[in-house]
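Asker: Below are the sequence and a predicted model; questions follow.
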Amino acid sequence: MNPEFSGNAQAMALVGFSAVATVTLLLCVMTGPDRDDLDEFYTGYGSLSPMRNGLAIAGDYISAATVLGTGGVIALFGYDGIVLALSTALSLMLLMFLLAEPLRNAGRFTMGDALARRLPGRSVRITACAVTLAALLPMMLVQLAGTGQLMAFILGFSGESMQTGCIVGVGALMISYAAIGGMKGTALIQILKIVMLLGSGLVVAALILHRFDWNPGTLFDAAAANSGVGSDFLASGLQFAGGASPGLDMISSQLTVVLGGAVLPHVTMRMYTASSARQVRRSMSWAVSIVALFVLVITVIGFGATALIGRAAIAQADPRGNTAYLIGSQAAFGAEVTTAETFLFTTVTTAIFLTVLASVAGMILACANSLAHDVFAARVQEMSPRREMTLARASALAVGVPTILLATLVQHYSLQPLVTLAFCIGASAIAPALVYGLFWRRYTRAGLLSTLIGGTLAVLLLMPGTNLVSGSPVSAFPDADFNWFPFTTTGLLSIPVGFACGWLGTLASGRTKAEEQRRQYEAVEGWILAGATRRKS
């Protein structure tokens, strides 16, 4: 089957994109804060029910990079893609069982709040903001730059100016969502996104299974037969077969996803929208269930794309397989496509478009909140709510505009290193800081700063040497070869470095400082771990 879309499908997709942009912007205007109340802007008063908050958490967590990137890995590498998808779900489960309640109890609006609660200081808040920007900017770039390519693929245009126009237009929408809607407005967009994405995905997965007599084993066998690599498609190691140490590379990649995926600031900020510890538990239960269901959906669609189209055709359309989800959805309908099936495919493409909009809007909001609350508001002893909200909206613009400009410059490069960079910073800097900060009694301010700075620097120093940046035909710079770190991610080294920096920084603070921090932590330990009370800072 030719992975191109008919004129009818393209026309309906354009109408769907326009309708979604209009409706979501209207939702933000209608639900945005109508007065100068920080709790309303930053957390939406915690007014969402556990189910709706869980949908919003799942919507924030399942980004466009997850849908397209993970779907591509499944379609191209089979078993390794399933492991990646399961690692994504496991990461959210770790957040639920280990960090969700302490984060909700310790924080108020941002990750800086949670860290500064027991280790106060402007340096902590500024560093937390810098790490937030370092982790989320690459993710925003990937999804914004991919918007032009995605719309060009679906709508059938190839001009660079059109792709750049799409990036600018979508970026402007995302800034508007964050600045106008605040937490409540972006939550509603996330809910709409996950409902459309999961609903359309379930129908497509059902159509694919129907074509293989509802037998997943038959589907897997057909995918292996059409993969060009035979039984290796259903065995571990295909994705990393060309590396120096395939086994270690796979362990490093999965560890990075498990530790880094769910601690990124745009996901953890959703913990503060729950009104109680019980609410955050119920919200996370919904979120984990939804993500687990989506893992099943994307697995079926990814394998279906390979079984029906072939691995070679998918790689030809995009070497990274980022179009596999769309190609698999199209292939599920067969050669003769009815009007109803065209409408369903339009729903799929519109859901992907909405996924890009919602994901980046949430990331812009997380960055803007951190800038306004942790950097600017922390400088003034008593800043008025009106001024802080104005700063938050201006910060959305300050974050969004440079991101749009950078996205237009990098749109023609392989952006997989940027996705990996974000996850590596999450796993190497944010995860150690949260674990130590919420549970280690003797953890000091120097230890926290060492964790955040040391973990981030380790990732930034190692990432240029990975095989995602150079040394392979699908790397960001395929004609260059400065690959000196023979792994796909930095996690194998940078994660231990992040934890070690926190331990060494605390050790260097001295016994007296550590004892002082232990006493301060014990004073609020019941509040952080059990939610005995919730202070408003």
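Answerer: Thanks, I have it. Residues are numbered from 1 along each chain as shown.
Asker: and after the biggest helix by length in the chain, which helix or strand comes next?
Answerer: Longest helix in the chain, counting residues (DSSP state H): helix 122-155. Counting by DSSP states H and E, the next helix or strand C-terminal to helix 122-155 is helix 160-176.
Asker: now that next one, how far from the chain's geometric center?
Answerer: Relative to the centre of its chain, helix 160-176 is centred 20 Å away, using Cα atoms, centre = their mean, to the nearest Å.
Asker: Which elements pack onto that helix?
Answerer: helix 7-31, helix 122-155, helix 339-370, helix 385-410 (3 or more Cβ pairs under 8 Å, 6 or more residues apart in numbering; DSSP states H and E). Every residue, glycine included, has its C-beta placed from N, CA and C.
Asker: Any buried residues in the second one, and which?
Answerer: Think helix 122-155. Residues of helix 122-155 classed as buried by neighbour count (16 or more other Cβ atoms under 10 Å): 124-155.
Asker: Phi first, then psi, for Ser414.
Answerer: When read as degrees, to the nearest 10, the backbone of Ser414 gives phi -70, psi 120.
Asker: hmm, back to that, by contact count, what packs against the longest helix of the chain?
Answerer: Against helix 122-155 (3+ Cβ pairs under 8 Å, 6+ apart) you get helix 7-31, helix 111-116, helix 160-176, helix 265-268, helix 339-370, helix 385-410, helix 416-425, helix 445-462.
Asker: The residue lying closest to Thr323 once chain neighbours are set aside: neighbour count?
Answerer: Of all residues not flanking Thr323 in the chain, Ala317 sits nearest, at 4.9 Å (Cβ to Cβ, 6 or more residues apart in numbering). Number of residues near Ala317 (other Cβ atoms under 10 Å) recorded here: 19.
Asker: thinking again about what came up before, take the helices and strands packed on helix 122-155 and lay them out in TSV including distance to Leu55 and mean pLDDT.
Answerer: Listed next are the helices and strands packed on helix 122-155 as TSV, based on distance: least, Cβ to Cβ, whole Å; pLDDT from 0 to 100:
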stretch	distance to Leu55	mean pLDDT
helix 7-31	14	81
helix 111-116	22	88
helix 160-176	20	85
helix 265-268	14	90
helix 339-370	11	85
helix 385-410	23	88
helix 416-425	23	92
helix 445-462	31	95
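Asker: these two touch, right, the residue nearest to Thr323 and Leu326?
Answerer: No - taking contacts as Cβ atoms under 8 Å, Ala317 lies outside contact range of Leu326: 9.1 Å.
Asker: list the residues that contact both of those two?
Answerer: The contact sets of Ala317 and Leu326 overlap at Phe153 (Cβ atoms under 8 Å, 6 or more residues apart in numbering).
Asker: which parts of the one helix or strand Ser289 maps to are buried?
Answerer: Using DSSP H and E, Ser289 sits in helix 277-308. The neighbour-count check on helix 277-308 (16+ other Cβ under 10 Å) flags 277, 279-284, 286-288, 290-292, 294-295, 297-308 as buried.
Asker: for the chain, where's the lowest mean pLDDT among helices and strands?
Answerer: helix 38-43 (a mean of 74; mean pLDDT, DSSP states H and E).
Asker: Now do that one: everything it contacts.
Answerer: Contacts with helix 38-43, where a contact means Cβ under 8 Å, 6+ apart, come from 33, 45, 108-110, 182-184, 272-273, 369, 373, 385, 388-389, 392.
Asker: For the stretch 151-300 of the chain, give me the ranges with low pLDDT.
Answerer: Along the stretch 151-300 of the chain, the model assigns pLDDT under 70 to residues 158.
Asker: let's go with 90 and repeat that
Answerer: 151-190, 227-232, 235-249, 261, 266, 269-281 (pLDDT under 90).
Asker: how about stretch 359-379 as CSV, C-alpha atoms only?
Answerer: The C-alpha trace of stretch 359-379 is given here as CSV (Å, rounded to 0.1, in the frame of the first residue of the first chain):
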residue,chain,number,x,y,z
SER,A,359,1.8,18.7,25.0
VAL,A,360,3.8,21.8,24.2
ALA,A,361,1.1,24.0,25.9
GLY,A,362,1.7,22.0,29.1
MET,A,363,5.4,22.3,28.8
ILE,A,364,5.3,26.1,28.2
LEU,A,365,3.0,26.5,31.2
ALA,A,366,5.5,24.5,33.4
CYS,A,367,8.4,26.7,32.3
ALA,A,368,6.4,29.9,32.6
ASN,A,369,5.2,29.0,36.1
SER,A,370,8.7,28.2,37.2
LEU,A,371,10.1,31.5,35.8
ALA,A,372,7.4,33.6,37.3
HIS,A,373,7.1,31.9,40.7
ASP,A,374,10.7,30.6,41.4
VAL,A,375,12.8,33.4,39.8
PHE,A,376,10.8,36.6,39.7
ALA,A,377,8.3,36.3,42.5
ALA,A,378,11.0,34.9,44.9
ARG,A,379,13.0,38.2,44.5
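Asker: buried sites along it?
Answerer: Neighbour-count burial for stretch 359-379 flags 359-378 (criterion: 16+ other Cβ under 10 Å).
Asker: hmm, back to that, which among the helices and strands packed on helix 122-155 is found nearest to Pro432?
Answerer: Nearest to Pro432 among the helices and strands packed on helix 122-155 is helix 445-462 (4.9 Å), distances taken as Cβ to Cβ.
Asker: so after the closest one, what's the next helix or strand?
Answerer: Going down the chain from helix 445-462, the next helix or strand is helix 491-508, by DSSP H and E.
Asker: Show the average pLDDT along the helix or strand following that following helix.
Answerer: The helix or strand immediately downstream of helix 491-508 is helix 511-530, counting by DSSP H and E. Across helix 511-530, pLDDT averages out at 81.
Asker: What residues of helix 511-530 count as buried?
Answerer: Across helix 511-530, burial judged by 16+ other Cβ under 10 Å covers 513-514, 517-518, 521, 524-525, 527-528.
Asker: Likewise for stretch 468-488?
Answerer: 468-472, 475-477, 483, 485, 487-488.
Asker: quick one: which two of these are the most distant?
Answerer: Farthest-apart pair in these is Phe477 and Phe487; separation 17.0 Å (Cβ to Cβ).
Asker: hang on, the earlier thing: what is the distance between the helix holding Ser289 and the centre of its chain?
Answerer: Helix 277-308 has its average C-alpha position 14 Å from the chain's average C-alpha position, going by Cα atoms, centre = their mean.
Asker: Mind giving me the packing neighbours of that helix?
Answerer: Using 3+ Cβ pairs under 8 Å, 6+ apart, helix 277-308 sits against helix 50-61, helix 71-77, helix 79-94, helix 100-106, helix 182-211, helix 216-225, helix 324-331.
Asker: So which of those is nearest Gly426?
Answerer: Of all the helices and strands packed on helix 277-308, helix 79-94 comes closest under Cβ to Cβ, at 9.1 Å.
Asker: Could you check the angle that closest one makes with helix 324-331?
Answerer: 110 degrees (axes from the mean of the first three to the mean of the last three Cα atoms, to 10 degrees).
Asker: Now do helix 79-94: everything it contacts.
Answerer: 61, 66, 70-75, 233-240, 250, 253-254, 257-262, 284, 287-288, 291-292, 295, 298-299, 302.
Asker: Pop out the phi and psi values for Phe482.
Answerer: phi -120, psi 40.
Asker: Show me what the spatially closest residue to it that is not a sequence neighbour is bridged to.
Answerer: Among residues not flanking Phe482 along the chain, Ser470 sits closest, at 5.1 Å (Cβ to Cβ, 6+ apart). Ser470 forms beta bridges with Phe477, as assigned by DSSP bridges.
Asker: Can you check the pLDDT for Ser470?
Answerer: For Ser470, the model assigns a pLDDT of 83.
Asker: No further queries at this time; thank you.
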